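**Student:** how does the following fold in three dimensions:
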Amino acid sequence: MKQVAFMFPGQGSQDIGMGKEFYEAYPEIKEMYQETDRVLNLSLSDIMFNGPKETLTATQNAQPALLLSSIAVHTLLLKSEIQPVMAVGHSLGEYSALVAAGAISLEDAVQLVQTRGKLMEEAFPSGKGAMAAVLGLTVEKVKETLSALETDEIVDLANINCPGQIVISGSKEGIEQATPVLKENGAKRVLPLNVSGPFHSRLMKAANEKFAGKLGAVSITDATIPVYANVTASPVTKHEEIKDLLIQQLYSPVRFEESIRNMIDKGVDAFVEVGNGKVLSGLVKKIDRTIPTFAIQNPKSMEEFITWYREET
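**Tutor:** Numbering: from 1, shown residues only. As a prediction, the model looks like this:
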């Protein structure tokens, strides 16, 4: 039996029409979407299928939309008797991974990430925070550059995605001050990201304090498979540790590259991106080109993966 790891995408992977082919092809998925609309008291499925883009991109909508589309695909893979041996999610995707691992119910998770999105939006004044992708520098060089900045503005490492791609997050002024210095120190490019806030920076601590109260009210159980946590890049299954790491996650870097390398060391045969987009598959290819990757975002790509999975090795 092949050993596969599931990966769940984070914010930025949403687009209009996401999940619609699964919705139309599988009655149980249509029912799942309708039930989520009822739980959220919101026509999330209409926003996912028809937009407008600004409404779908709003953090409190994008996060439950991405989680729902991922769990829909995961449900169909389980129906085909395909079970991952481990899982990882990128930022918001960590919640999808925990639902897939049986640690949080879908009903609780969509409400939790909707609240998470609202708190993230409220944590720092709109338009005052920013994120940017730094290309062509090592983690150590970015850290060294940021620590040497002569400013009172906050700029932190946010995502360590793959070799040569690191995301920084902080105040808009801080990012603007850091950009020319990073280029002077060897960055090929520093690209502003189209996000609405300084996610995974210390500026999110205000959201974190309120979110901890919401998280404490949700039932979290032990995970049935190891989930590689963003904060530690290590596997976690115990519910107490899961909750503690989720509280830290909002203001801590996403250690995606290290997580993938640790999972490869455990001997997985392939990584499967479960949900909308191909961002994570692209990152894995930059981390290790030798390991197969699949991105399942419609019934056709799902069938191609299932065919590969059932082939004799």
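
**Student:** burial of Gln60, as a residue count?
**Tutor:** 19 (other Cβ atoms under 10 Å). All C-beta atoms are positioned from the backbone trio N, CA, C, and that covers glycine.

**Student:** same check on the one 5 residues further on?
**Tutor:** Summarising burial for Ala65: neighbours were counted as other Cβ under 10 Å, giving 31.

**Student:** in the host helix or strand of Glu31, what's buried?
**Tutor:** Using DSSP states H and E, the element containing Glu31 is helix 27-40. Residues of helix 27-40 classed as buried: Ile29, Met32, Tyr33, Thr36, Asp37, Val39, Leu40 (neighbour count, 16 or more other Cβ atoms under 10 Å).

**Student:** wait, what's in contact with the first one?
**Tutor:** Neighbouring residues of Ile29 by Cβ atoms under 8 Å, 6 or more residues apart in numbering: Gly19, Phe22, Tyr23, Ala72, Thr75, Leu76.

**Student:** now do the helix-or-strand element of the chain with minimal mean pLDDT: which elements does it pack against?
**Tutor:** Within the chain, no helix or strand scores below helix 205-216, which has a mean of 88 by mean pLDDT, DSSP states H and E. For helix 205-216, the elements it packs on are helix 106-122, helix 239-249, judged by 3 or more Cβ pairs under 8 Å, 6 or more residues apart in numbering; DSSP states H and E.

**Student:** what about stretch 13-30, average pLDDT?
**Tutor:** Averaging pLDDT along stretch 13-30 yields 97.

**Student:** that stretch: which residues count as buried?
**Tutor:** Ser13, Gln14, Met18, Gly19, Lys20, Glu21, Phe22, Tyr23, Tyr26, Ile29.

**Student:** next: stretch 299-313.
**Tutor:** In terms of neighbour count (16+ other Cβ under 10 Å), stretch 299-313 has its buried residues at Ser301, Met302, Phe305, Ile306, Tyr309.

**Student:** any chance of those residues in a markdown table, plus pLDDT and secondary structure?
**Tutor:** Converted to a markdown table, the buried residues of stretch 299-313 look like this (pLDDT from 0 to 100; DSSP: H, G, I helix; E, B strand; the rest coil):
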| residue | pLDDT | secondary structure |
| --- | --- | --- |
| Ser301 | 97 | helix |
| Met302 | 98 | helix |
| Phe305 | 97 | helix |
| Ile306 | 97 | helix |
| Tyr309 | 96 | helix |
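
**Student:** need the three-state assignment for Met131.
**Tutor:** Using DSSP: H, G, I helix; E, B strand; the rest coil, the secondary structure recorded for Met131 is strand.

**Student:** give me the distance from the least confident helix or strand of the chain to the chain's centre.
**Tutor:** Remark: helix 205-216 is offset 19 Å from the chain centroid, using Cα atoms, centre = their mean, to the nearest Å.

**Student:** list the contacts of it.
**Tutor:** 112, 115-116, 119-120, 122-124, 243, 246-248, 250-251.

**Student:** so what pLDDT did Thr313 get?
**Tutor:** So, for Thr313, pLDDT stands at 66.

**Student:** same deal with Leu44?
**Tutor:** pLDDT, Leu44: 98.

**Student:** so it touches Ser69, yeah?
**Tutor:** No. The pair Leu44 / Ser69 is not scored as a contact, 10.2 Å apart, by Cβ atoms under 8 Å.

**Student:** before we move on, back to that, just the buried residues of stretch 13-30: which are in strands?
**Tutor:** Among these, none falls in strands (DSSP state E).

**Student:** circling back: in the helix or strand just after the helix holding Glu31, what counts as buried?
**Tutor:** Going down the chain from helix 27-40, the next helix or strand is helix 44-50, by DSSP H and E. Residues Leu44, Ser45, Ile47, Met48, Phe49 are the ones in helix 44-50 that count as buried (16+ other Cβ under 10 Å).
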